[in-house]
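>>> predicted model and sequence follow; I will ask about them next.
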Amino acid sequence: MAGRSSSRRRDGAPAPAAEAMAGSPAIVLLSGGLDSMVVAALASKRGHAVHALSIDYGQRHRRELDAARAIGQRLGVARHVVLPLDLTVFGGSALTADIAVPKGGVEAGIPVTYVPARNLVFLALTTAFAETADARDIFIGVNAIDYSGYPDCRPAFIASFAETARLGTRAGDEGRPFTIHAPLQHMGKADIARECARLGLDPAWSWSCYDPTAEGLACGACDSCRLRRKGFADGGVVDSTRYAQ
């Protein structure tokens with residue numbers, strides 16, 4: 001991965017940088033989902049002053065923004081920005097257009113819940129936030145093991161973006177590149193569920209469902225719900241989230 005090098009822990013995640021222990025700022029892309037909650041907690045545990053960025057992109061599952069706000073408050077983040085960006089103007093996804101969310105099981109290939117270039121756009125905004133906050137560390141909760149097949153979750157994309165951020169920013173030009181931390185990238189959902197428990201987080205603080213019911217419950221049948229439920233079951237961890245089915 002391009003950017004500042006770091007030592008590795010036994011679990012494969014980067015070891016805390018020395019300056020993190022002094023409360024150096026880090027930007028966390030906080031969607032409100034399970035993975036982003038765990039990553040935000042990890043950044044905090046490593047000693048960073050967490051600045052959270054959530055994107056209000058017109059997503060069908062807007063309930064996740066409420067979760068993001070609650071997580072930010074519970075973790076005591078230094079700053080939380082909820083940025084409006086209406087991707088429904090483009091559409092092209094079951095999350096941003098009038099397209100049904102699949103409920104028949106995890107799809108092969110890239111599913112209709114893929115939002116075109118979402119993480120590319122979001123990481124660009126996160127990098128802009130990092131430059132203004134004088135932060136060198138960016139955290140994102142992408143996962144490339146138990147996930148829905150989105151191309152912008154793959155390690156090659158994250159590594160490529162780190163180099164793009166170095167080339168396209170004043171900080172990078174001045175020799176102060178960003179490190180993109182993706183500590184969950186090579187973890188399965190069961191491992192992430194166990195990490196959630198280890199960190200003392202309540203799973204119900206987070207929101208994963210793509211298609212909430214009118215009563216405000218997680219549907220339990222979309223790809224995201226299925227992957228989450230299987231991960232907690234396989235990890236032997238109780239998921240306190242309420243599901244419709």
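That came through, no problem. From a predicted model like this one, the values you see are computed outputs, not experimental measurements. Numbers count the residues shown, from 1 in each chain.
>>> low-confidence bits of the chain, can you list those?
1-22, 107 (pLDDT under 70).
>>> helices or strands up against the longest helix along it?
The longest helix of the chain (DSSP state H) is helix 118-132. Packing partners of helix 118-132 (3 or more Cβ pairs under 8 Å, 6 or more residues apart in numbering; DSSP states H and E): strand 25-29, strand 49-56, strand 137-139, helix 155-167, helix 170-173. For the C-beta atoms, the positions are set from N, CA and C on the backbone; glycine is no exception.
>>> assign residue 105 to helix, strand or coil.
coil (DSSP: H, G, I helix; E, B strand; the rest coil).
>>> that one contacts residue 225, doesn't it?
No: contact criterion Cβ atoms under 8 Å: residue 105 and residue 225 do not qualify, at 11.2 Å.
>>> now render the helices and strands packed on helix 118-132 as CSV, adding distance to residue 183 and mean neighbour count.
Shown next, in CSV, are the helices and strands packed on helix 118-132 (distance: least, Cβ to Cβ, whole Å; neighbours: other Cβ atoms under 10 Å):
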stretch, distance to residue 183, mean neighbour count
strand 25-29, 11, 26
strand 49-56, 14, 22
strand 137-139, 7, 26
helix 155-167, 11, 17
helix 170-173, 22, 14
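>>> turn those into a markdown table, including distance to residue 113.
Formatted as a markdown table, those follow (distance: least, Cβ to Cβ, whole Å):
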| stretch | distance to residue 113 |
| --- | --- |
| strand 25-29 | 18 |
| strand 49-56 | 16 |
| strand 137-139 | 23 |
| helix 155-167 | 18 |
| helix 170-173 | 32 |
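>>> just give the closest residue to residue 23, not the sequence neighbours.
Excluding the flanking residues, the one nearest residue 23 by Cβ to Cβ, 6 or more residues apart in numbering is residue 49, at 4.7 Å.
>>> residues contacting residue 142?
Contacts of residue 142 were listed using Cβ atoms under 8 Å, 6 or more residues apart in numbering, and they are 35, 119, 152, 153, 158, 182, 184, 185.
>>> identify the residues contacting the residue lying closest to it once chain neighbours are set aside.
Closest residue to residue 142 apart from its sequence neighbours, by Cβ to Cβ, 6+ apart: residue 153 at 4.2 Å. Contacts for residue 153 (Cβ under 8 Å, 6+ apart) come out as 119, 142, 143, 144, 147.
>>> inside helices: which ones of the residues you listed?
residue 119.
>>> out of the contacts of residue 153, which end up buried?
119, 142, 143, 144, 147 (16 or more other Cβ atoms under 10 Å).
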